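okay, predicted coordinates and the sequence, questions at the end:
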Amino acid sequence: MSTNKKNGGFLANSIQFLLENSLFLIIGAAVGLVWANLDNGSYSQVKNVLFFAINDIAMAFFFLLAGKEIRESMLPGGPLSKARTAALPIMATIGGMAGPALIYVAGTHFFAAPELTRGWAIPMATDIAFSYMVARMIFPRVGGKTHPAIVFLLLLAIADDAGGLIVLATFYPQEVHNLLPFLHGIQPMLVFGTGVVASIVLALVFWKVFKLHSFWPYILGPGVISWFAFHEGGIHPALALVPLAWCMPHEHSDMGIWEPGESDGHDTLNRMEHWWKTPVELFLGLFGFVNAGVEFSALGLGTWLVCAGLLVGKPVGIVVMTKLGQLGGLQLPRGMGNRELLVVGIAAGIGFTVALFVSVVAFPGGDLQDSVKMGALFSFVVAPITLVAAKLMGVFKSAREFASKRTPPGDAPSP
């Protein structure tokens with residue numbers, strides 16, 4: 001019996017570790033990549049069965065959780081609630097989106113590849129989970145508080161997510177395939193606008209009039225209406241639940257991004273995140289499996305343009321715009337200097353999840369899509385590059401020195 005308990009504990013702890021570090025996504029992507037290269041025919045059959053359910057429905061919950069982080073960061077006390085606090089990270093975000101896009105587009109012109117231009121938004125993405133995981137290895141917690149460099153990175157990544165959602169909805173309209181026949185022939189944008197307004201009004205009635213605190217009515221009522229509005233209106237339906245983050249009961253203030261206990265609130269928005277967090281991690285594993293299955297022969301110009309945007313455009317854009325902000329009187333948080341800023345800029349170049357998603361949205365299935373997908377997958381190389389850069393620039397040492405100065409005697413900084 002004791003052996004079984006130990007094994008059960010080990011299994012439970014292992015699964016928890018995989019969930020907390022978004023490793024199901026990596027496992028799913030690795031399985032898809034290997035399977036596609038061993039037997040692409042059977043892989044494609046399985047992928048085609050799962051594709052719509054994962055990319056168009058399940059991923060809506062991933063973007064809902066991203067929307068929740070954006071919404072809470074704007075609450076009183078949140079890092080994006082005050083213009084002066086948010087100004088420099090937002091400027092860094094603009095640079096971190098513009099830099100990769102400019103390098104990508106310049107590359108398509110230089111190599112005379114206009115067919116690839118539509119993918120300009122792919123290297124804009126920053127994967128919050130993996131960037132945070134890498135930064136956490138470098139910057140320790142200080143007296144129970146997150147290091148300011150990590151806060152800056154998370155602010156940047158959340159603002160990047162917000163910008164990415166706007167870009168997806170604005171610049172990547174989808175071909176309309178009506179699931180509801182009675183809407184056939186009606187102007188798609190009319191369907192979209194009417195449906196979204198109806199879903200928001202219904203959600204607000206649930207909240208303000210009926211005082212509903214369970215998240216299920218919001219998802220099954222306004223959420224379903226919004227999903228169909230996005231789908232029938234030609235906007236990618238994976239974005240459909242994002243408006244709900246503004247239309248559910250929530251805390252009155254924000255305690256910080258990914259601080260311990262930050263998602264333990266009893267409000268509707270936090271209960272929704274608590275319930276959906278584990279399913280979303282499993283969905284991401286399937287997302288990786290469905291979208292990362294690319295044959296190695298797909299390596300091409302699109303691969304290198306995405307990599308150049310993420311590896312070069314991201315850090316350069318972030319550093320340049322941050323420096324411009326500093327010239328205008330804005331200040332980096334205490335504990336961050338030029339070295340820490342550069343390391344944060346490099347870490348932000350991990351674009352995996354959203355970059356992979358945008359690759360699928362930007363191009364139809366085929367060689368072009370596969371080549372840019374490989375670039376999104378290769379962005380994982382940013383992780384070891386970040387660690388090496390931090391070591392060479394002495395950031396590991398300076399981060400720990402900063403922690404030791406801020407940590408009360410007897411309390412060791414934790415990673």
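Done, it's in. Numbering: from 1, shown residues only.

CA only for contacts and neighbour counts going forward, please
Noted.

was I right to think Phe287 contacts Ala53?
No: with contact defined as Cα atoms under 8 Å, Phe287 does not count as touching Ala53 (9.8 Å).

who has more neighbours out of the two?
Per other Cα atoms under 10 Å, whichever of Phe287 and Ala53 has more neighbours is Phe287, with 29 against 13.

just give the nearest non-adjacent residue to that one, would you?
Nearest residue to Phe287 in three dimensions, chain neighbours excluded: Ile54, at 6.1 Å (Cα to Cα, 6 or more residues apart in numbering).

now do Gly317
Distances taken as Cα to Cα, 6+ apart put Gly95 closest to Gly317, at 4.0 Å, once the chain neighbours are dropped.

ok, now which ones touch the one you found?
Contacts for Gly95 (Cα atoms under 8 Å, 6 or more residues apart in numbering) come out as 314, 316-322.

and the residue lying closest to Ala240 once chain neighbours are set aside, what does it touch?
Of all residues not flanking Ala240 in the chain, Trp227 sits nearest, at 4.9 Å (Cα to Cα, 6+ apart). Neighbouring residues of Trp227 by Cα under 8 Å, 6+ apart: 237-238, 240-241.

do the same with Phe192
By Cα under 8 Å, 6+ apart, the contact list for Phe192 reads 229-230, 232-235.

try it again with 6 Å
Contact partners of Phe192, counting by Cα atoms under 6 Å, 6 or more residues apart in numbering, are 229-230, 233.

quick one: Lys47 and Asn291 touch, right?
No: between Lys47 and Asn291 there is no contact under Cα atoms under 6 Å: 8.1 Å.

of all the contacts of Phe192, which comes closest to Ala157?
Proximity of those to Ala157 (Cα to Cα) peaks at Phe230, which lies at 24.7 Å.

and that closest one, how far from Asp370?
26 Å (Cα to Cα, to the nearest Å).

check what pLDDT Met255 gets.
Each residue has a pLDDT score; the one for Met255 is 61.

what does Leu154 give?
pLDDT recorded at Leu154 is 87.

could you do Ala87 as well?
For Ala87, the model assigns a pLDDT of 91.

secondary structure class for it?
Secondary structure, DSSP: H, G, I helix; E, B strand; the rest coil: Ala87 is helix.

can I assume Asp160 sits in a helix?
Yes: assessed by three-state DSSP, Asp160 belongs to a helix.

if we can go back for a sec, of the contacts of Gly95, just the buried ones, ChimeraX syntax please.
Applied in ChimeraX, the following selects the buried portion of these according to 16 or more other Cα atoms under 10 Å:
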select :314,316,317,318,319,320,321,322
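
tell me which of the contacts of Gly95 fall in helices.
Within these, residues falling in helices by DSSP state H are 314, 316-322.

could I get those as TSV with pLDDT?
Converted to TSV, the ones in helices among the contacts of Gly95 look like this (pLDDT from 0 to 100):
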residue	pLDDT
Lys314	97
Val316	98
Gly317	98
Ile318	97
Val319	97
Val320	97
Met321	97
Thr322	97
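
out of these, the closest to Glu295 would be?
Closest approach between the ones in helices among the contacts of Gly95 and Glu295, by Cα to Cα: Lys314, at 26.7 Å.

from Asp161, how far off is that closest one?
14 Å.

one more: Leu239?
To Asp161, Leu239 is 12 Å away according to Cα to Cα.

and the residue minimising distance to the centre of the chain, how far from Asn48?
In the chain, the residue lying closest to the centroid (Cα atoms, centre = their mean) is Asp127, at 4.5 Å. Asp127 sits 25 Å away from Asn48, going by Cα to Cα.

list of residues touching stretch 33-51?
By Cα under 6 Å, 6+ apart, stretch 33-51 touches 290, 292-295.

ok, now stretch 69-76?
With contact meaning Cα under 6 Å, 6+ apart, stretch 69-76 is reached by 79-81, 253-254.

number of residues surrounding Leu179?
For Leu179, the neighbour count with other Cα under 10 Å is 11.

Three-state assignment for it, please.
What three-state DSSP gives for Leu179 is coil.

phi and psi next, for it.
With angles defined as degrees, to the nearest 10, Leu179 sits at phi -80, psi -20.

skipping its backbone neighbours, what lies nearest it in space?
The shortest distance from Leu179 to any non-neighbouring residue, by Cα to Cα, 6+ apart, is to Glu232 (7.3 Å).

can you tell me the SS state at Thr353?
Recorded secondary structure, Thr353: helix (three-state DSSP).

what about it, distance to Ser44?
According to Cα to Cα, Thr353 and Ser44 sit 20 Å apart.

between those two, tell me which one has more neighbours.
Using other Cα under 10 Å as the criterion, Thr353 and Ser44 rank with Thr353 on top: 23 against 17.
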